[in-house]
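Participant: Attaching a predicted model along with its sequence, questions to come.
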Amino acid sequence: MKIDGELYEPAWQLISPTSDFITSSPTFGLVSKYKSEVRIAYDNSAVYVGAYLYDQPGDIRRQLTARDVISMQDVDYFVVGFDTYHDRQNAFVFRVTAAGVQGDARESQNGSGSGGVVFDAGWDAVWESKTSIKHDGWVVEMRIPFSAIRFAKKDIQDWGINFARFVRKINENSIWNPVDPNISGDINQWGNWTGLKNIVPPLRLSFLPYLSGGVKVSPTQNGRVTEFLRSGGMDLKYGINESFTLDMTLIPDFAQVQSDNVFLNLSPFQVKFDDYRPFFTEGTELFNKAGLFYSRRVGASPGGSAGVLSTYGNQAGYEIIKNPGITRLYNATKFSGRTKKNLGIGIFNALSAPMNARIKNLSTGKDSTILTEPLTNYNIIVLDQALKNRSSISFTNTNVLRKGNSRNANVSSLDISLFNRRNRYNFTFTGKYSSIWGKLDNYNGFTSAASFGKVSGILQYKAAVSVESDRYDPNDLGYLQNNNSLEYAANVSYNKNKPTRHFLIHSFRANFRNTYLYKPFVWSSFNMGGSAFFLFRNFWDATINFSSNPVWYKDYFLNSSAYNGYYLRRAPYYYMDISGSSDSRKKFFFNWLLGGGESPLPRDPYWQGTLGFRYRFSDHFQVSTNMNLERDKGNWGWAFFNNANGSPVIARRNVSRNTNVLNAQYNFNARMNVSVRVRHYWSLLENTNFYDLKPDGNWTEVPFIPGKNVNFNTFNLDLFYTWDFLLGSRLTIAWKNALGGNVSIDPYTHFNYAKNFRSVVENPHSNELTLKIVYFLDYLKLRKNKKNGD
């Protein structure tokens with residue numbers, strides 16, 4: 001069947017359409033105002049979907065966007081989802097906009113928020129679609145090959161299925177099989193497609209070879225260094241059987257990804273950044289089920305690179321010749337799928353190369369090599385058994401082994417989630433055990449948590465308890481800010497999803513949290529908060545948040561993620577903000593936030609404000625900007641240790657933060673676009689007082705210590721040209737500009753934004769220009785072409 005956006009072929013006309021869509025938003029349970037007819041068919045190679053979506057042609061919204069960028073854009077779109085194992089927990093979702101832009105995702109129902117629904121939008125399949133505009137609506141035609149999805153090998157199959165349609169003009173989302181927003185979950189409310197016969201999972205084998213090259217110019221203390229970049233490798237996807245897939249990346253190149261949103265971190269905790277590398281974001285929902293996989297650990301900055309920079313960066317008589325900032329990977333592999341009995345199995349492995357810094361002794365002329373990261377092997381194993389009524393039980397193990405046995409890690413987790421038959425109540429339990437061993441460290445720890453709550457209905461609630469021992473440590477492959485805690489928490493919410501006189505939707509939520517230190521067992525803090533959300537009938541919205549620690553509390557993690565005997569008595573605080581946004585259907589859209597906090601201490605105010613704009617010049621071009629300002633007049637934190645008595649010295653400081661982001665996108669068509677993102681972050685820290693911290697948490701002022709102020713800037717410009725020239729094949733040209741890493745701007749003379757930004761522009765920047773070509777090769781298509789050639 002030719003995919004051309006037309007439904008005139010006899011094969012389509014012989015199929016009776018399904019219709020009668022029911023609205024899910026902005027009002028649930030009404031018959032859709034727009035007629036929709038959907039036909040579905042299959043053969044021995046693919047599923048075919050044809051939808052005729054009736055509307056006035058002038059009302060159909062057709063903004064061009066990048067792939068997967070569909071939500072909150074000026075587009076109408078159609079969605080189909082397949083629950084191929086019929087477990088009511090996992091599905092493949094495909095979207096097509098009226099402009100012909102594709103979007104796809106893996107959906108699962110193992111999360112704790114948003115009704116438990118988790119979308120993996122990083123998953124990209126290779127499939128066909130075409131749209132056309134008619135005098136009474138628009139048509140979408142789709143061909144989804146069986147090689148793009150997974151299903152069991154059975155003679156007769158039943159799948160879960162649903163269709164949805166979004167009409168941007170009135171913000172109506174309508175669904176074939178109704179999905180009630182007051183019921184937890186999504187896939188569990190889908191319809192059924194029964195009696196699929198004689199479909200055989202095909203051989204799934206594809207290759208994605210790539211070539212990349214470019215040039216990088218970086219500023220140094222002695223001028224500039226030019227580095228020519230070149231790389232080549234391949235991604236491989238192989239269907240081992242009908243249900244399991246092997247994904248491999250050989251000599252991966254992750255240069256063409258968005259720059260991190262770096263900021264001045266005044267906390268003792270490591271910053272967690274998003275991962276933009278496709279291999280580590282696509283199809284990883286199974287590996288993240290226990291919350292033990294922070295993918296940025298793989299290929300992170302070498303552990304010893306910062307030490308090399310601090311030791312030799314400014315030391316006379318030495319020059320750093322090479323000090324890699326990213327750990328190179330030899331390969332990475334993912335194996336995942338589900339058996340006929342709904343047992344999900346996932347195996348992840350990655351091998352990183354040893355990294356070395358090279359230092360030159362200027363007096364002798366000799367070079368020396370310093371190992372900054374050893375050869376390291378990362379492993380994850382997941383067993384996830386889906387049970388009835390959306391319930392599940394899963395086991396996860398993560399393991400990190402380093403050559404030389406300097407530090408190795410192993411973490412195991414058991415996670416249970418049980419729903420009752422009517423999907424109203426949920427009980428969860430998790431238990432984790434970590435083990436660290438090697439020449440540097442040897443210790444074990446554990447964490448455990450349990451919760452029970454009502455997850456469906458207008459009134460919902462949850463109570464939870466968790467404990468983390470002082471030696472629990474998942475951070476070799478996971479992410480945890482701090483351990484050593486015992487917490488009791490509860491929340492309750494009221495969710496009104498039916499329109500009232502003023503609101504389409506509104507909800508209220510209150511939460512409480514009481515925290516103790518696990519060892520020694522002492523009280524730490526009590527926090528309470530609440531929020532209210534209102535969606536008005538004109539599709540503007542407003543949110544009110546409140547948070548407070550109403551009594552003096554104890555900060556046991558002042559300068560370390562581990563308790564070291566000192567704590568800081570922090571004052572009570574009260575914080576409130578109100579935020580909102582306008583109707584996103586309009587060409588001009590804005591969002592805003594205004595918040596403030598206070599404590600009983602004198603001169604201790606905090607406030608922040610955010611203002612964002614987006615303007616859509618045409619269906620091809622739009623620009624957005626976001627500005628955030630923060631002022632904290634009473635920021636308390638660790639400064640350094642007092643050499644005289646060994647006690648910590650804390651500082652009271654004025655901290656200002658300014659973040660400005662500019663985004664622009666021009667889409668030539670549904671498969672080609674240019675995007676640019678510019679971000680400037682500026683934080684100015686001015687110390688006002690210094691104090692010796694006492695063992696009882698109180699403090700005594702010491703003479704002021706000058707020269708400790710900080711002026712911190714980051715600047716990034718990322719420009720990408722992307723062209724999907726064939727199905728699954730892509731050409732990307734990227735230019736990345738960044739403020740040099742060794743730039744220091746005087747905090748005592750650059751107080752205003754204009755003067756500081758001028759210095760940012762005038763200081764040396766690094767520049768990187770790269771080109772990358774990825775070509776998709778499908779074994780079945782190659783074999784078919786060869787037969788036709790013969």
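Facilitator: Happy to help now that I have it. Predicted model only: the values in this text are computed from it and were never measured.
Participant: for the nearest residue to residue 61 once chain neighbours are set aside, what are its contacts?
Facilitator: Nearest residue to residue 61, sequence neighbours excluded (CB to CB, 6 or more residues apart in numbering): residue 168, at 4.0 Å. C-beta here means a position set from N, CA and C on the backbone, and glycine is covered the same way. The neighbours of residue 168, taking CB atoms under 8 Å, 6 or more residues apart in numbering as the test, are 61, 74, 75, 76, 585.
Participant: wait, doesn't residue 73 sit right on residue 65?
Facilitator: Yes: because the distance of 5.1 Å satisfies CB atoms under 8 Å, residue 73 is recorded as touching residue 65.
Participant: Quick check: neighbours shared by those two?
Facilitator: With CB under 8 Å, 6+ apart as the test, residue 73 and residue 65 both reach residue 97.
Participant: that older thread, what is the nearest of the contacts of residue 168 to residue 121?
Facilitator: Each of these was checked against residue 121 using CB to CB; the closest is residue 75, at 15.6 Å.
Participant: got a list of what that closest one touches?
Facilitator: Neighbour list for residue 75: 61, 62, 63, 65, 97, 98, 99, 101, 166, 168 [criterion: CB under 8 Å, 6+ apart].
Participant: among the residues you listed, which are in strands?
Facilitator: Assigned to strands by DSSP state E, the following of the contacts of residue 75 qualify: 97, 166.
Participant: Please, where are all the strands along the stretch 151-300 of the chain?
Facilitator: With strands called from DSSP state E, counting those that start in this stretch, the stretch 151-300 of the chain shows them at 156-167, 172-175, 191-197, 205-220, 223-239, 244-250.
Participant: For the first one, what is the distance to the chain centroid?
Facilitator: A distance of 26 Å separates the C-alpha centroid of strand 156-167 from that of its chain, computed with CA atoms, centre = their mean, to the nearest Å.
Participant: Could you pull out the buried residues of that strand?
Facilitator: By neighbour count, and taking 16 or more other CB atoms under 10 Å as the criterion, the buried residues in strand 156-167 are 157, 159, 160, 161, 162, 163, 164, 165, 166, 167.
Participant: got CSV for the residues you listed, with distance to residue 435 and pLDDT too?
Facilitator: Converted to CSV, the buried residues of strand 156-167 look like this (distance: CB to CB, whole Å; pLDDT from 0 to 100):
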residue, distance to residue 435, pLDDT
157, 43, 91
159, 42, 95
160, 40, 95
161, 44, 97
162, 44, 97
163, 48, 97
164, 46, 97
165, 51, 97
166, 49, 97
167, 54, 97
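Participant: Which member of those is positioned nearest residue 363?
Facilitator: Ranking these by separation from residue 363, with CB to CB as the measure, puts residue 166 on top at 69.4 Å.
Participant: The closest one: what's it in contact with?
Facilitator: Shown in contact with residue 166 (CB under 8 Å, 6+ apart): 75, 76, 77, 78, 79, 172, 173, 174.
Participant: what do you get if the cut-off is 10 Å, keeping everything else the same?
Facilitator: With contact set as CB atoms under 10 Å, 6 or more residues apart in numbering, residue 166 has these partners: 24-25, 61, 70-71, 75-79, 95, 97-98, 172-175.
Participant: Which parts of the protein are helices?
Facilitator: Assignment of helices within the chain using DSSP state H yields the ranges 10-13, 278-281, 305-312, 753-762, 779-789.
Participant: Pick the most buried one from those.
Facilitator: Mean neighbours per residue, mean count of other CB atoms under 10 Å, is largest over the helices of the chain for helix 278-281, with a mean of 21.
Participant: which helices and strands sit right next to that one?
Facilitator: Contact here means 3 or more CB pairs under 10 Å, 6 or more residues apart in numbering; DSSP states H and E; on that basis helix 278-281 packs against strand 244-250, strand 329-338, strand 343-352.
Participant: For these, give me JSON lines that also has mean pLDDT and mean neighbour count.
Facilitator: Shown next, in JSON lines, are those (pLDDT from 0 to 100; neighbours: other CB atoms under 10 Å):
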{"stretch": "strand 244-250", "mean pLDDT": "89", "mean neighbour count": "18"}
{"stretch": "strand 329-338", "mean pLDDT": "90", "mean neighbour count": "20"}
{"stretch": "strand 343-352", "mean pLDDT": "94", "mean neighbour count": "20"}
